[in-house]
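Asker: Here is a sequence with its predicted model. Questions after.
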There are 2 protein chains.
Amino acid sequence: MQVEEAIYSRRSIRRYSPRDVPDELVLKLIDAARQAPSSKNSQPWEFIIVRDQEVKEKLAQLAPYGRFITQAPVVVAVVTDPEKSRFHMVDGALAVHNLTLAAWALGLGTCWIGTMDREKAKEILEIPEGKHLLTVLPIGYPAERPQLRPRRPLEQITYLEKYGRKLPEHHG
Amino acid sequence: MQVEEAIYSRRSIRRYSPRDVPDELVLKLIDAARQAPSSKNSQPWEFIIVRDQEVKEKLAQLAPYGRFITQAPVVVAVVTDPEKSRFHMVDGALAVHNLTLAAWALGLGTCWIGTMDREKAKEILEIPEGKHLLTVLPIGYPAERPQLRPRRPLEQITYLEKYGRKLPEHHG
């Protein structure tokens, strides 16, 4: 799949087919993730492949907008390290987005789960105190085809030279 | 360009050809950026297209690892809004990574500039106090072909089920 098509057709997926996603494929996605750039090449990211249904259910209970992760055949927890980089969350986000787009190009869907009781989730996954749990990413073959959620128009979010200076009407 | 090729061939670019990048193309990249997912679809991002050489020079002085941005025909400042989303930096990073990959697929290079005197840079760009200046992204046609900086091996950064539980040797 072409880059442009992946960027424009990608949707957050919250319903998954029961079809399995083998570890081989998950590792391919994590391999794509680790190609992301990071501050001073610190690579402040680690990944936990979670398949245990009980663990997925416990995590789902801690994520008010992520109850559906129990349906995904696999969940990847993304851990970042504040000691490796003060930009660890941003670097981790770039890695996750590589994973997301690589997954989409392979016909797989994901959804960023950001809101959760991180302390409890870290306990469940045995993540050391000093590390940050960035997201738990469900991965599976989509069982839905969501519409694009509306985006603010380009001319409302783009300025020329200084903040607040709008593009001329005819611009672009 | 295919997604996989873009992810694996992308490099951070710090030397640019003098060839111009027209606004039309920059807007295409920002359009790709705003396709990113964001927490509750908050889209906490705005973009300032900077071409004024004096402004670029002032910004470069504030970014110890970004002096080279003066050479790029255009710099895009990415502004995020903590009031729109408490995940504004992460959401902004996803948008920037869409931009980065879309640029790469079009033969353009960028480099994430993260370390800078943000308060002074915000003043120069007239960014309101409550907003966050995430990065100033130089964009241009590459005048270098950097090698991939080494990545930690997949098996060092991936665990199974719990943090610290290594993949079996034969895994994947």
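Answerer: It's in.

Asker: Can you spell out which helices and strands pack onto the helix ranked longest in chain A?
Answerer: Counting by DSSP state H, the longest helix found in chain A is helix A:88-105. When contacts are defined as 3 or more CB pairs under 8 Å, 6 or more residues apart in numbering or on different chains; DSSP states H and E, helix A:88-105 sits against helix A:3-9, helix A:23-33, strand A:45-50, strand A:74-80, strand A:109-110, strand A:132-140, helix B:3-9, helix B:88-105. All C-beta spots, glycine's among them, are computed from the backbone N, C-alpha and C.

Asker: So which bits of it are buried?
Answerer: Neighbour-count burial for helix A:88-105 flags A:88-105 (criterion: 16 or more other CB atoms under 10 Å in any protein chain shown).

Asker: follow-up on the earlier one: right, so the helices and strands packed on helix A:88-105: which one is the most enclosed?
Answerer: Across the helices and strands packed on helix A:88-105, averaging neighbours per residue (mean count of other CB atoms under 10 Å in any protein chain shown) puts strand A:109-110 on top, at a mean of 28.

Asker: Next, see if that strand gets close to chain B.
Answerer: No: Strand A:109-110 does not reach chain B (CB under 8 Å from any CB of the partner chain); its nearest approach is 9.4 Å.

Asker: what mean pLDDT does that strand have?
Answerer: In this model, strand A:109-110 carries a mean pLDDT of 98.

Asker: Run through who's touching it.
Answerer: Strand A:109-110 has contacts (CB atoms under 8 Å, 6 or more residues apart in numbering or on different chains) with A:11-13, A:16, A:99-100, A:103-104, A:137-142.

Asker: per-residue confidence averaged over the next helix-or-strand element following it?
Answerer: Using DSSP states H and E, the helix or strand that follows strand A:109-110 in sequence is helix A:118-125. Here helix A:118-125 scores 98 as its mean pLDDT.

Asker: before we move on, the earlier item: nearest to chain B among the contacts of strand A:109-110?
Answerer: Distance to chain B across those (CB to the nearest CB) is lowest for A:Ser12, with 5.2 Å.

Asker: Identify the residues contacting that closest one.
Answerer: Applying CB under 8 Å, 6+ apart, the residues contacting A:Ser12 are A:109-112, A:146, B:37.

Asker: Tabulate these (TSV), appending distance to B:Asp31.
Answerer: Shown next, in TSV, are the contacts of A:Ser12 (distance: CB to CB, whole Å):
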residue	distance to B:Asp31
A:Gly109	22
A:Thr110	22
A:Cys111	23
A:Trp112	21
A:Pro146	20
B:Pro37	15
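
Asker: so where's chain A uncertain?
Answerer: Along chain A, segments meeting pLDDT under 70 span A:170-172.

Asker: mind running it again at 80?
Answerer: Along chain A, the parts satisfying pLDDT under 80 run over A:169-172.

Asker: Specify the beta-bridge partners of A:Val78.
Answerer: A:Val78 has the following beta-bridge partners by DSSP bridges: A:Phe47, A:Thr135.

Asker: how near is it to A:Leu99?
Answerer: The gap separating A:Val78 from A:Leu99 is 8 Å, by CB to CB, to the nearest Å.

Asker: Identify the contacts common to these two.
Answerer: Between them, A:Val78 and A:Leu99 share the contacting residues A:Leu137, judged by CB under 8 Å, 6+ apart.

Asker: Now for the contacts of A:Ser12: which two are most distant?
Answerer: Greatest spatial distance in those: A:Trp112 and A:Pro146, 14.1 Å, computed using CB to CB.

Asker: Pull out the buried positions in stretch A:32-39.
Answerer: For stretch A:32-39, using 16+ other CB under 10 Å, the buried residues are A:32-39.

Asker: contacts with chain B among those residues, please.
Answerer: Answer for the buried residues of stretch A:32-39 near chain B (CB under 8 Å from any CB): A:32, A:34-37, A:39.
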